[in-house]
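Visitor: whatever this is, show me its structure:
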Amino acid sequence: MEKSHLIHILRVLDKKEVKELRKWVNSPAHNLRRDVIDLFEYLVVGQHLYAEKHLEKERVFQAIYPNKTFNDAEMRQVMHFLLKAVENFLVYNELLKDEVRTQTMLAKVYRKRQLAKQFQKAIETGREIQESQPYRNHQYFENEYFLQFEQFNYLSSLGRTVPLNLQEVSDSNDISFIINKLQVGCIMLSHQKVFKTNYDNGLLNQALEYVEQNEMLLEYPPIAIYYFVYKASVNSDVEDYFEKLKGRIATHGDLFPIHEIRSIYLFAINYCIGKMNRGESKFIREAFTLYQQGLQKQIFLDNGLLSRFTFGNIVPIGLQLKEYQWVKDFIETYQHNLEEKYKDSLVQFNLAHLYFETKDYKQAMKLIARFDYDDMLIMLVAKTMLLKMYYELDEFNALDSLLGSMKTYLQRKKVMGYHKDNYKNIIQYTKKLLKLTHYDKEKIQKLKQEIETTNPLTERKWLLAQLDKM
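Guide: Sure thing, here's the model as predicted:
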């Protein structure tokens, strides 16, 4: 039973949901079987959901059918009926969360039963709830279309001479479609950049052209934001798109639920990171500011947790700007919001990074020496920090050994294209550094030119700084 869908679902319910589900299962409207109630009560008592011995089928069967011999088919049947009751409960509660959609469905029921007064009341209530919504994201505009379309269905049933709201239906349908198309287009574009996947964009180009031909559509916050996200992503050299995106986020950010504005911030931050990777240093501050704003608004927290990727991106950006005290405070404050299984390693690694940047190499090396993490990229960053410390401390034997181990690590691990090329370049140019002498100015200048034009190369600044010391 432990691997069944039923057990997995029940394990994620909180105490309030279990309490409500008990009422649901005990209601004759949703369940008429006593054994389904007994199975539910057995599973939610104590630690039965989490202890393997309490989930043995024979043991559970005996608890709900004390006078029967174990029957696997009967056991599977009662599990099936409880699972269906649980799923119906979850669907019902999810539907009720969208009050506008619920009222629209109620209006539809009344319309089909030709209850005109009740229909009008349901539509009016739906409209009132719709206008009181704090958000103006895709869900709001989808609901606007459903309300308008249900009103059209009602009006068209009254006779041929009744004025119809077809223009409102068409406009709300267009707006809803454009928002959804632009949002999905942004997600697809972001995904294919990381995973090198090609998608058929369907009507996306037509949607973009339609917005450009009808600029008044940019007055709708979600259309404007996703339009500028997309345009900034595909035209990264045209910084005006990014500036307009920032302006819309500042003006309209509060019109989106947390999970959606979080994604919008990450779109903007990823734009900055792309520019940073091409050596445009002013975007380090841009990304840092966006992260600060997001932290201030608590949009990066999901159920109280901060993604380990977000945590790991914020620290190096702060360090590049020499915001050392801010970074130290950030690590101290937000380490408590990390998932427990990642907490120690992430805190240890990022403190090592802080010590490295503040030239406390002794503390940095001590932390890196006992650092062990599954993430390949974090391991490569840690090895790169060691590389730079060994070089600056003239520990060339240790450095030579490290360069060899890094090369082997890259060959052995499935490091993705951009990152593999980057670290191969770091190893290559560090080896060339080691072979140079202070007196060979011609070779120093030649290597400098190579480093300046090689991409990708995240350690360009450090490598050039070592050359300048010669």
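
Visitor: now Gln411: which helix or strand?
Guide: Using DSSP states H and E, Gln411 sits in helix 396-412.

Visitor: show me what that helix is packed up against.
Guide: Counting contacts by 3 or more Cβ pairs under 8 Å, 6 or more residues apart in numbering; DSSP states H and E, helix 396-412 packs against helix 376-392, helix 417-435. Every residue, glycine included, has its C-beta placed from N, CA and C.

Visitor: quick one: distance of the longest helix seen in the chain to the chain centre.
Guide: Identified as the longest helix of the chain according to DSSP state H is helix 166-195. Here helix 166-195 is found 18 Å from its chain centre; the criterion is Cα atoms, centre = their mean, to the nearest Å.

Visitor: which parts of the very next helix or strand once past that helix are buried?
Guide: With elements assigned by DSSP H and E, the helix or strand that comes after helix 166-195 is helix 204-213. By neighbour count on 16 or more other Cβ atoms under 10 Å, the buried set for helix 204-213 is Leu204, Ala207, Leu208, Val211.

Visitor: residue contacts, the closest residue to Pro221 other than its chain neighbours?
Guide: Distances taken as Cβ to Cβ, 6 or more residues apart in numbering put His252 closest to Pro221, at 3.8 Å, once the chain neighbours are dropped. Listed by Cβ atoms under 8 Å, 6 or more residues apart in numbering, the contact set of His252 reads Arg136, Pro221, Ala224, Ile225.

Visitor: cool, Met79 as well?
Guide: Residues near Met79 by Cβ under 8 Å, 6+ apart: Met1, Ser4, Leu6, Leu39.

Visitor: among those residues, which are in helices?
Guide: Per DSSP H, the subset of the contacts of Met79 in helices is Leu6, Leu39.

Visitor: closest one to Thr453 out of the contacts of Met79, please.
Guide: Ser4 (59.0 Å; Cβ to Cβ).

Visitor: now the closest one: how far from Glu99?
Guide: When Cβ to Cβ, to the nearest Å is the yardstick, Ser4 and Glu99 sit 33 Å from each other.

Visitor: before we move on, what about Ile444?
Guide: 70 Å.

Visitor: before we move on, what about Tyr324?
Guide: Look at Tyr324 and Glu99: by Cβ to Cβ, they are 48 Å apart.

Visitor: who has more neighbours, those two?
Guide: Glu99 (17 against 13; other Cβ atoms under 10 Å).

Visitor: so what's Ile223 up against?
Guide: With Cβ under 8 Å, 6+ apart, Ile223 has these contacts: Ile175, Ile178, Ile179, Leu182, Val211, Leu217.

Visitor: repeat that for 7 Å
Guide: Taking Cβ atoms under 7 Å, 6 or more residues apart in numbering as the contact definition, Ile223 lies against Ile178, Ile179, Leu182, Val211, Leu217.

Visitor: equivalent analysis for Ile368, please.
Guide: Counting by Cβ under 7 Å, 6+ apart, Ile368 touches Ala352, Ala382, Met385, Leu386.

Visitor: adding distance to Ser263, neighbour count and pLDDT, write those out as a markdown table.
Guide: Below are the contacts of Ile368 laid out as a markdown table (distance: Cβ to Cβ, whole Å; neighbours: other Cβ atoms under 10 Å; pLDDT from 0 to 100):
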| residue | distance to Ser263 | neighbour count | pLDDT |
| --- | --- | --- | --- |
| Ala352 | 30 | 24 | 95 |
| Ala382 | 29 | 23 | 91 |
| Met385 | 31 | 22 | 94 |
| Leu386 | 35 | 24 | 95 |
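
Visitor: out of the residues you listed, which comes closest to Gln62?
Guide: Among these, and counting by Cβ to Cβ, the member closest to Gln62 is Ala382, at 54.0 Å.

Visitor: for the closest one, which non-adjacent residue is closest in space?
Guide: Nearest residue to Ala382 in three dimensions, chain neighbours excluded: Ile368, at 5.3 Å (Cβ to Cβ, 6+ apart).

Visitor: how about the stretch of helix or strand that neighbour belongs to: buried residues?
Guide: Following DSSP H and E, one finds Ile368 within helix 361-369. Of all the residues in helix 361-369, those buried under the rule 16+ other Cβ under 10 Å are Tyr361, Ala364, Met365, Leu367, Ile368.

Visitor: now stretch 51-60
Guide: His54, Leu55, Val60.

Visitor: follow-up on the earlier one: nearest to Tyr92, of the helices and strands packed on helix 396-412?
Guide: Comparing the helices and strands packed on helix 396-412 by Cβ to Cβ, helix 376-392 comes nearest, at 43.4 Å.
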